[in-house]
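Novice: Got a sequence here, can you model it:
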Amino acid sequence: MNSRISDPLNAVNMFICLKFLFKRILCFAKGLTRCGENVYISPRAVIKGASHIRIGSNSGVREFAELIVELSDGRMEIGERTYIFPYSQLRTFEGWIKIGNNCTVNRASILYGNGGLEIGNHVRISPNVTILAQNHVFDDPDVLIHEQGMKGTGIKIEDNVWIGAGAIILDGVTIGSGSVIGAGAVVSKDIPPYSVAVGVPAKVIKKRAL
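Specialist: This is a model prediction of the structure:
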C-alpha cells in the first residue's frame, strides 16, 4: 500500500484505539468493571455501588447523572445503546433496576427501584419523568410516616413505549408494549398494549392501530 495512504489510515486506527481505551479508563475510574465495549461514563457522573452495576456496549452516562445501588444484594442493569442523560437519578433502594437495549432516560428524570423496576427495549423516557416503584408505609397514625419504612410492588414498562415529559409512573403499574403516555400524565393503573393514555389520573383515550 502506498505510504501516503497507509499513514493516515494508521493515524485514524490509532485515534480509534485511544478513544476506546480512554472510555475504558473512565469506566474503571468509577469502579465499573462490568461494562461492555465503547461505554462512556462522564467523569462528572455519580456512581455508587459500582460492583453491582452492569452497562451494555455503546451506552453512555452523562454528566451529573446518578447511578446508585444502596445495598449489597441490589443490582442495576443497563442494556446496549442506552443513554442516561444529565441530572437523571437512578436508585435501587432495596430493590433493582433493569433497563433494556436502545433506551433513553432523558434529562432530570428520576427512577426508583425499591419494588423492582423493569424497562424493556426501545423505550423513550422524556425529561423530568418520575418512575417510583415504591411507597411510604403510613398505616399506623400513631407512628411518624418516615419511621414506618417503605414498600414496593414493582413497575414494568414493556418494549417500544414513549413516556412524555413530566409524566409520573406509580408503583404496581404495567405499561404495555407500544404505548404512549402523554406529558404530565399520572399513571396509577395498568395501561394495555398500544394505548395512548393522558391526564391525571391517566386514562386511555385511544388505541394505536396494529
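Novice: where in the chain is pLDDT low?
Specialist: Scanning the chain for pLDDT under 70 picks out the ranges 1-22, 210.
Novice: which residues in it form helices?
Specialist: Along the chain, the segments classed as helices by DSSP state H run 3-29.
Novice: Would you mind measuring from Ser72 to Ile78?
Specialist: From Ser72 across to Ile78, the span is 19 Å (CB to CB, to the nearest Å). No exception for glycine: its C-beta is placed from N, CA and C like everyone else's.
Novice: The two: which is more packed in?
Specialist: Higher neighbour count among Ser72 and Ile78: Ile78, with 27 against 8, using other CB atoms under 10 Å.
Novice: For the nearest residue to Lys206 once chain neighbours are set aside, list the residues it contacts.
Specialist: The spatial neighbour of Lys206 that comes closest, neighbours along the chain excluded (CB to CB, 6 or more residues apart in numbering), is Val196 at 5.0 Å. Contacts for Val196 (CB atoms under 8 Å, 6 or more residues apart in numbering) come out as 179-180, 182, 204-208.
Novice: how does it look with 7 Å?
Specialist: Val196 makes contact with 180, 204-206, 208, according to CB atoms under 7 Å, 6 or more residues apart in numbering.
Novice: For these, pick the one with the most neighbours.
Specialist: Val180 leads those on contacts (other CB under 10 Å) with 20 neighbours.
Novice: Quick check: it touching Trp162?
Specialist: Yes. Contact criterion CB atoms under 7 Å: Val180 and Trp162 qualify, at 4.9 Å.
Novice: so what sits against both of those two?
Specialist: In contact with both Val180 and Trp162: no residue, using CB under 7 Å, 6+ apart.
Novice: How much space separates the residue nearest to Lys206 from Asp171?
Specialist: Val196 sits 22 Å away from Asp171, going by CB to CB.
Novice: Measure how buried Leu32 is and give me the count.
Specialist: By other CB under 10 Å, the residues close to Leu32 number 21.
Novice: Grab the nearest non-local neighbour of it.
Specialist: In space, Leu32 is closest to Ala50, 5.0 Å off (CB to CB, 6+ apart).
Novice: Could you verify my assumption that the one you found touches Gly31?
Specialist: Yes. Using CB under 7 Å, Ala50 is in contact with Gly31, at 3.4 Å.
Novice: quick one: which of those two has more around it?
Specialist: Shown here are Ala50 and Gly31; by other CB under 10 Å, Ala50 has more neighbours (18 against 12).
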